[in-house]
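> Could you work out the structure for the sequence below:
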Amino acid sequence: MKLWQYGCSVSLGEEASKPYGVWIAEHYGFEFVQCSESSASNPYIALKFSEQHTQITPEDLVIFGWSHPSRNSWYNKQRNCWEHLNYIQQKKRGSTLTGSAIDYVTNQLCDYIIQTNDWYPKHIVETACKLNGIRFVHVDCVPGMVDYLMPNKNKYIADHLHPNDLGHEQIFALIKSEIDSILYT
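Here you go, the predicted structure:
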């Protein structure tokens with residue numbers, strides 16, 4: 001049995017030594033398969049799962065750690081790899097690329113795009129999971145879990161956004177009953 005985890009840096013466990021997916025895998029006896037990528041967009045998370053779903057069995061469990069809907073991913077044909085632009089953290093401040101991202105967020109992003117980038121990736125993976133008998137859980141990581149942990153930032157957040165080890169343990173505690181209901185019913 002494997003636990004497949006898809007998501008962004010929160011699911012990846014940046015700024016922590018043990019992401020919530022590892023907590024889940026250890027607790028339930030799953031082999032852990034980390035498929036998360038820093039700054040990954042929701043459409044990319046759905047695409048990556050879609051490319052790999054034939055490797056996932058009904059005995060496995062998939063955790064989808066959804067990212068912020070304003071993130072964008074694209075395939076860089078020069079480098080032959082996927083790249084992700086993080087609109088939230090603006091790690092590359094001052095660059096032309098960041099200026100373009102700010103312009104995009106300011107002038108292009110709207111409720112329709114946010115709702116679309118939240119809805120259709122979840123719909124795609126849910127449909128594939130249901131058709132293939134794959135067990136899955138949605139975790140609204142950014143902003144959901146991060147916003148939940150932020151009032152106790154000193155206890156749960158390592159930097160400006162990412163949960164620390166205690167924060168990841170708390171995420172596991174928050175979704176444990178949902179996982180129990182999926183695995184034991």
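> Nearest residue to Asp140 in space, please, no chain neighbours.
Trp66 (5.4 Å; CB to CB, 6 or more residues apart in numbering). Using the backbone N, CA and C atoms, a C-beta is placed for each residue, glycine as well.
> How far away from the center of its chain is the longest helix along the chain?
In the chain, assigned by DSSP state H, the helix with the most residues is helix 111-132. Centroid separation between helix 111-132 and its chain, computed with CA atoms, centre = their mean, to the nearest Å, is 13 Å.
> Strand partners (parallel or antiparallel) of the helix or strand following it?
As assigned by DSSP states H and E, the chain's next helix or strand after helix 111-132 is strand 135-140. Sheet pairing for strand 135-140, assigned by DSSP bridges, gives strand 61-66 (parallel).
> The helix or strand just after the partner strand: partners in the sheet, and parallel or antiparallel?
Per DSSP H and E, the first helix or strand lying C-terminal to strand 61-66 is strand 72-76. Strand 72-76 sits in its sheet next to strand 81-85 (antiparallel), going by DSSP bridges.
> list the buried ones in the strand it pairs with?
84-85 (16 or more other CB atoms under 10 Å).
> Also stretch 31-49?
In stretch 31-49, counting by 16+ other CB under 10 Å, buried: 33-49.
> thinking again about what came up before, I'd say the residue nearest to Asp140 and Met145 touch.
No. Using CB atoms under 8 Å, Trp66 is not in contact with Met145; the gap is 9.6 Å.
> quick one: which of those two has more around it?
Trp66 (28 against 24; other CB atoms under 10 Å).
> And the contacts of the strand or helix carrying Leu174?
Using DSSP H and E, Leu174 sits within helix 165-183. Under the contact criterion CB atoms under 8 Å, 6 or more residues apart in numbering, helix 165-183 has outside partners 13, 16-20, 22-24, 27-28, 61, 135-137, 139, 141, 145, 148-149, 155-158, 163.
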